[in-house]
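[1] turn this into a model:
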Amino acid sequence: MTPEQVLEVIAKHEGWLQRKSGGERADLSGFDLSGFQLSRLNLQSVRLSGTNLSGSLLTATDLSYADMFCANLDGAELRDSIMTRADLRGASIRNANLAGAVLKEADLRGGAFVSDNPGASPMHIRSNLSQSEMDEVEMDNANLSGTDLSRSSMVGANLENTLLCGANLAGVNLEGANLKGADLSGANLTDARIIGAEMVGANMTGVTLRNTKLLRSNLQGVSLLNVDLSGADLSGSNLVSPDGDVTRGIRSVLTEHEVWIREQGRGGKRAQLAKVDLSNIDLTEVNLSGADLREAVLVEATLRRIELVMSDLSGANLTRADLRDAVLDGVVFSGADLTGARLNGAELAVVELRDAQGTPTGRTWRADLFGAILRDADLSGANLKGANLGNADLTGAKLRGTILTDCDLTGAQTDAAELKRAITSAT
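    Down below sits the predicted model:
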């Protein structure tokens, strides 16, 4: 079609929208409109199925309710365009600019292309928005199930309640995005940047996390079933509700870890909570033995009677945490901050290592508190027999009845008066 013909079709379409005599809904399906200037037009409900719009200019154009099934919008300029409830199934929108665009309730699922040949099977075409610019895009309640969004920039995007099941989000930048209630189940988040994102209530069941940045994101209520968190950096991310209750995300991690313990590593998944913010959480009587909690934030956490046998909490922040009567045999607290923590009656003894059949190997694993900060901590009645307390700071710590037999206290800072109240030799 010539530009003049296209303008004539659009003029009739505007008349159709205004219900004027002679108006006619535009049907430009299958035409080659690549490179056309179509900015700031009202093209609501236009038919563009299979149309080639690659490289076209559609800035601030209203394409609400448009039929763009399997359309080609590669390299198109779609800044501030409106595509509310548009049918974009199977569309190709690679390397396009959709910054500030509105795609609320748009359908971007794959499209099934049916051939005229009765014997041919339908061909499924995946919607593709890879390597596109989509900062501040509005995609709430849209359906992007299975869509390829890889290596796109979606900084500040609104994806609240959006369906992203099985989507390819590899390398995507979702910094500051709103993903509240979004369904990301089965999505690929390899190399994704999800920094400072709001993800309350999102479904991340079965997602792939490899070199994924989830820093400082709000993950309260997120489902993390069948997810290996070892491939993600969760520094500063919050998985705990404001009142300290165990949320769905943490509960799924605990459930998987329980299976991992019970099946001796043959099933479930080890809890990978390194650098996660778990402040104020209540994990009373939970078994997290062997968990990875390196540099985790557990400020004022309630951890009474918790089991953390041979767990790694090196560098963790446990300021004012309640660890009374906890089972911490063989725990790693090296470099951890336990200022003001309560460890009354806690067990931090040596673990006798056994093989898979439960037979003693003759080797042992002692609790490691090298360089730990235990200022003003209450260790009354705790058992630290054989523990490594080298360079630990025990200034102001309460040591009444604390068992320090065979401990390494080289370089440790202690109050002489309190040390006398501890048990330092076998009787």
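[2] need the helices for the stretch 151-300 of the chain, in chain order.
    Counting by DSSP state H, counting those that start in this stretch, the stretch 151-300 of the chain has these helices, from start to end: 248-262.
[3] measure L374 to T319 for me?
    11 Å (CB to CB, to the nearest Å). Any C-beta I mention is one placed from the backbone N, CA and C, and that applies to glycine too.
[4] contacts only, for the most centrally placed residue in the chain.
    For the chain, the residue nearest the mean C-alpha position is L214 (5.2 Å; CA atoms, centre = their mean). Applying CB atoms under 8 Å, 6 or more residues apart in numbering, we find L214 in contact with 194-195, 197, 232-234, 237.
[5] neighbour-wise, which of L374 and T319 wins?
    L374 (29 against 20; other CB atoms under 10 Å).
[6] where does pLDDT dip in the chain?
    111-123, 241-247, 426-427 (pLDDT under 70).
[7] do you have the strands of it handy? List them.
    For the chain, the strands defined by DSSP state E cover 111-113, 123-125, 212-213, 232-233, 351-354, 360-365.
[8] can you show me the helices along the stretch 1-150 of the chain?
    Using DSSP H, counting those that start in this stretch, helices in the stretch 1-150 of the chain cover 3-17.
[9] pretty sure S279 sits against A301.
    Yes - using CB atoms under 8 Å, S279 is in contact with A301, at 6.7 Å.
[10] which of those two has more neighbours?
    Set S279 next to A301 and count neighbours by other CB under 10 Å: A301 wins out with 27 against 18.
[11] look up how far S235 lies from the more buried one.
    17 Å.
[12] cool, and S56?
    From S56 to S235 the distance is 42 Å (CB to CB).
[13] look at those two and report which has more neighbours.
    Neighbours per residue, other CB under 10 Å: of S56 and S235, the larger number sits with S56, 24 against 18.
[14] contacting residues around the more buried one?
    Contacts of S56 by CB under 8 Å, 6+ apart are 33-38, 73, 76-77.
[15] buried ones only from the residues you listed, please, as a ChimeraX command.
    To isolate the buried members of the contacts of S56 in ChimeraX, using 16 or more other CB atoms under 10 Å:
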select :33,34,36,38,73,76,77
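[16] that older thread, next, format the strands of the chain as TSV and append distance to D415 and mean neighbour count.
    Formatted as TSV, those follow (distance: least, CB to CB, whole Å; neighbours: other CB atoms under 10 Å):
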stretch	distance to D415	mean neighbour count
strand 111-113	73	17
strand 123-125	72	13
strand 212-213	43	22
strand 232-233	39	21
strand 351-354	29	14
strand 360-365	29	11
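[17] D87: which of those strands is closest?
    strand 111-113 (8.8 Å; CB to CB).
[18] picking that back up, how near is the residue nearest to the centre of the chain to T51?
    With distances taken as CB to CB, L214 is found 39 Å from T51.
[19] got it, and L278?
    Shown here: L278 relative to T51, a distance of 52 Å by CB to CB.
[20] and if you look at M68?
    7 Å.
[21] and G267, how many residues sit next to it?
    Neighbours of G267 (other CB under 10 Å): 11.
[22] likewise D191?
    That count, for D191 with other CB under 10 Å as the rule, works out to 17.
[23] nearest residue to it in space, please, no chain neighbours.
    G171 (4.5 Å; CB to CB, 6 or more residues apart in numbering).
[24] same question, T147
    Using CB to CB, 6+ apart, the closest residue to T147 is S127 (4.5 Å).
[25] distance check, the one you found against Q413.
    For S127, the distance to Q413 - CB to CB - is 62 Å.
[26] more neighbours, the two?
    The residue with more neighbours, out of S127 and Q413, is S127; 25 against 16, by other CB under 10 Å.
[27] that older thread, give the contact list for the residue nearest to D191.
    Neighbouring residues of G171 by CB under 8 Å, 6+ apart: 150-151, 190-192.
[28] one more time with 10 Å
    Residues near G171 by CB atoms under 10 Å, 6 or more residues apart in numbering: 130-131, 149-153, 188-193, 211.
[29] do L399 as well
    374, 377-382, 384, 414-415, 417-424.
[30] could you flag which of the residues you listed are buried?
    Looks like the contacts of L399 have 374, 377-382, 384, 414, 418-419, 422-423 buried, using 16+ other CB under 10 Å.
[31] if we can go back for a sec, quick check: neighbours shared by M68 and T51?
    29, 91.
[32] now the buried members of the contacts of G171.
    130-131, 149-153, 188-193.
[33] switch those residues over to CSV; also include distance to N161.
    Supplementary listing: the buried ones among the contacts of G171 in CSV, determined by distance: CB to CB, whole Å:
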residue, distance to N161
S130, 23
Q131, 25
L149, 17
S150, 22
R151, 24
S152, 20
S153, 22
N188, 20
L189, 18
T190, 24
D191, 25
A192, 19
R193, 22
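[34] excluding residues flanking it in the chain, which one is nearest V253?
    In space, V253 is closest to A271, 5.2 Å off (CB to CB, 6+ apart).
[35] is it true that the one you found touches E307?
    No - when contacts are counted by CB atoms under 10 Å, A271 is not listed as touching E307 (12.0 Å).
[36] S252 versus the closest residue to E133 other than its chain neighbours, what's the distance?
    Nearest non-adjacent residue to E133, counting by CB to CB, 6+ apart: N97, 4.6 Å away. For N97, the distance to S252 equals 38 Å [CB to CB].
[37] one more: A417?
    Relative to S252, and taking CB to CB, A417 is found at 47 Å.
[38] do R193 as well
    23 Å.
[39] do the same with N203
    Taking CB to CB, one finds N203 at 11 Å from S252.
[40] check S39 too.
    When S39 is compared with S252 (using CB to CB), they lie 47 Å apart.
[41] same drill for the two, tell me which one is more crowded.
    S252 (19 against 16).
[42] and the helices in the stretch 301-427 of the chain?
    Counting by DSSP H, counting those that start in this stretch, the helices of the stretch 301-427 of the chain are 416-420.
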